[in-house]
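A.B. asks: mind looking at a prediction? Sequence and model below.
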Amino acid sequence: MYVARSKQRGLEVRVLDCFDEYRLRLVRWFGEDVLKVQGHRADVRRAVADEGFDAALVHDPGDLVRTALIVQALHDAGVPNVLVVTHDAQRRAIYSRCGAHRVLLAFHPEQAWQVVSRELPSFVSA
């Protein structure tokens with residue numbers, strides 16, 4: 001949902017894939033938009049830094065440790081705006097300590113898009 005709707009708004013979108021178990025599904029869904037990286041933190045940081053992203057959106061699927069590691073790698077790679085969407089308000093502080101600039105709370109997909117879409121105008125260049 002994030003990818004299609006962001007593209008409709010004219011944003012350039014990449015999908016970070018750093019876990020083998022999701023790779024085939026992500027490539028099938030998003031094709032060339034997938035940035036394939038081995039799951040090692042240094043590899044993720046290097047690939048993300050090379051892309052020069054203006055912002056990154058991380059959706060917490062419920063795996064606190066993986067989500068926190070991704071957030072930290074994005075932050076360490078120099079992404080200036082790291083947003084995290086989570087359904088667990090207690091995780092806000094953890095993700096912030098890992099480097100998230102904004103942690104957004106949403107309980108279902110449509111609500112997640114609504115909170116993310118309010119943030120998007122600040123990332124669109126004129």
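C.D. replies: Structure's in. What do you need?

A.B. asks: can you give me the distance of residue 104 to residue 29?
C.D. replies: Distance, residue 104 to residue 29, by CB to CB, to the nearest Å: 22 Å. (Glycine included, C-beta is placed from N, CA and C.)

A.B. asks: tell me the secondary structure at residue 62.
C.D. replies: Secondary structure, DSSP: H, G, I helix; E, B strand; the rest coil: residue 62 is coil.

A.B. asks: between residue 104 and residue 29, which has more neighbouring residues?
C.D. replies: More neighbours surround residue 104 than the other of residue 104 and residue 29, with 21 against 13 (other CB atoms under 10 Å).

A.B. asks: now that one: how far from residue 31?
C.D. replies: 27 Å.

A.B. asks: do residue 105 as well
C.D. replies: 31 Å.

A.B. asks: swap in residue 23?
C.D. replies: Taking CB to CB, one finds residue 23 at 13 Å from residue 31.

A.B. asks: residue 105 and residue 31: who's more crowded?
C.D. replies: Between residue 105 and residue 31, counted using other CB under 10 Å, residue 105 has the larger neighbour count: 15 against 9.

A.B. asks: please report phi then psi for the nearest residue to residue 5 once chain neighbours are set aside.
C.D. replies: Distance criterion CB to CB, 6 or more residues apart in numbering; nearest residue to residue 5, sequence neighbours excluded, is residue 113 at 6.1 Å. Backbone torsions for residue 113, taken as degrees, to the nearest 10, come to phi -60, psi -40.

A.B. asks: mind listing what residue 113 touches?
C.D. replies: For residue 113, the contact set (CB atoms under 8 Å, 6 or more residues apart in numbering) comprises 1, 2, 5.

A.B. asks: show me the contacts for the first one.
C.D. replies: Taking CB under 8 Å, 6+ apart as the criterion, residue 1 is in contact with 109, 112, 113.
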